[in-house]
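Asks: show me how the following folds:
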Amino acid sequence: MHYSGQEIIEIAVRIEENGYAFYKTAAGMIKEHNDIRDLFLDLAEKEVGHIAYFKKIADHFEAEKFEFNKSEEEDYINHLAGTHIFGIEEAGVLLANAVKTPMEALEIALRFENDSVTFYEELFKRTESDAKQVIRQIIEEEKGHAALIREFL
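Replies: So this is what the prediction gives:
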């Protein structure tokens, strides 16, 4: 099985768009101005940057295919793409609307960032193009986002 470069980009963009929607919605649910609200607004802005990165490198990915020869690898990448906390359309808003407390939103955000790191690390391993550099940068940024969130937990 293989994923085309375009399919990988679509998955990555959907993850980032859902992250943006989650952070904006969660920030909007916090009525008082505080550090957690500011964190969510900052993370939402960073997700917009990631979307732009992926759209910029889409041409590099178009020619690339991501091959999975072993059944376990194929199952794993399908799992990552299909069950990522924000891999489903509109998941960001739906999750944020179900959140009852800022602490719960932080826990979901941390899981999102950790899932993103895992997805992008698998993508990085299977990338041969110049896009590898950008993916590494996004991985480091996602790790930084997780570290920021952990400071609030």
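Asks: now residue 21: which helix or strand?
Replies: Following DSSP states H and E, one finds residue 21 within helix 5-29.
Asks: elements contacting that helix?
Replies: When contacts are defined as 3 or more C-beta pairs under 8 Å, 6 or more residues apart in numbering; DSSP states H and E, helix 5-29 packs onto helix 35-56, helix 58-62, strand 65-67, helix 91-98, helix 102-125. Heads up, the C-betas are built off the backbone N, CA and C, glycines and all.
Asks: any low-confidence regions in the chain?
Replies: For the chain, the stretches with pLDDT under 70 are 1-5, 59-88, 129-131.
Asks: how far away is the closest residue to residue 48 other than its chain neighbours from residue 45?
Replies: Nearest non-adjacent residue to residue 48, counting by C-beta to C-beta, 6 or more residues apart in numbering: residue 20, 6.0 Å away. The gap separating residue 20 from residue 45 is 8 Å, by C-beta to C-beta, to the nearest Å.
Asks: same check, this time on residue 145
Replies: Distance of residue 145 to residue 45, computed by C-beta to C-beta: 11 Å.
Asks: same question, residue 54
Replies: As for residue 54, its distance to residue 45 is 16 Å (criterion: C-beta to C-beta).
Asks: which of those two has more neighbours?
Replies: residue 54 (22 against 12; other C-beta atoms under 10 Å).
Asks: ok, now which ones touch that one?
Replies: 9, 12-13, 16 (C-beta atoms under 8 Å, 6 or more residues apart in numbering).
Asks: buried subset of those?
Replies: For the contacts of residue 54, a neighbour count by 16 or more other C-beta atoms under 10 Å gives the buried set as 9, 12-13, 16.
Asks: gap between the residue of the chain most remote from its centre and residue 102?
Replies: In the chain, the residue that sits farthest from the middle, by C-alpha atoms, centre = their mean, is residue 32; the gap is 26.9 Å. Distance of residue 32 to residue 102, computed by C-beta to C-beta: 10 Å.
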